[in-house]
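Participant: I'll drop the sequence and a predicted model, then ask my questions.
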Amino acid sequence: MGSGAVDYVAFGLEKLQWALEKMPTDEPIAYLDTVSIRLDFLDDTLYGLGINVPAMFRAVGANYQNVVKTVLRRRQQIFDSLAQPLAA
């Protein structure tokens, strides 16, 4: 995957983590639980509109599945970082 796509994913996820840290204590985990559902909905909606998301990523030299894996892995890292203060 091109490093540009990873940079955009990292930027977006850093902004997400910043926003989650601003939420009341009980909201971040509930919000993160819906991330994969919302990503699937977005993908299905774009596909329904005739937009092939994986092809768009291929066109710019990125592997869509690698981007998805990166997002989900990073989401787990954010989950873990949010859970640490709760465990203390």
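Facilitator: The structure has been received and is ready for your questions.

Participant: what's the model's confidence in the lengthiest helix in the chain, averaged?
Facilitator: If you go by DSSP state H, the chain has its longest helix at helix 64-87. Mean pLDDT, helix 64-87: 74.

Participant: which residues are contacting that helix?
Facilitator: By C-beta atoms under 8 Å, 6 or more residues apart in numbering, the surrounding residues in contact with helix 64-87 are 1, 5-6, 9-10, 13, 16-17, 20, 25, 28-29, 32, 35-36, 39, 53-54, 56-58. C-beta here means a position set from N, CA and C on the backbone, and glycine is covered the same way.

Participant: Helices - which of those residues land there?
Facilitator: Using DSSP H, 5-6, 9-10, 13, 16-17, 20, 28-29, 32, 35-36, 39, 53-54, 56-58 are the members of those that sit in helices.

Participant: List only buried entries from these.
Facilitator: 5, 9, 13, 16-17, 20, 28, 32, 53, 57 (16 or more other C-beta atoms under 10 Å).

Participant: Just name the lowest-scoring one in those residues, pLDDT-wise.
Facilitator: residue 5 (56).

Participant: That'll do, ta.
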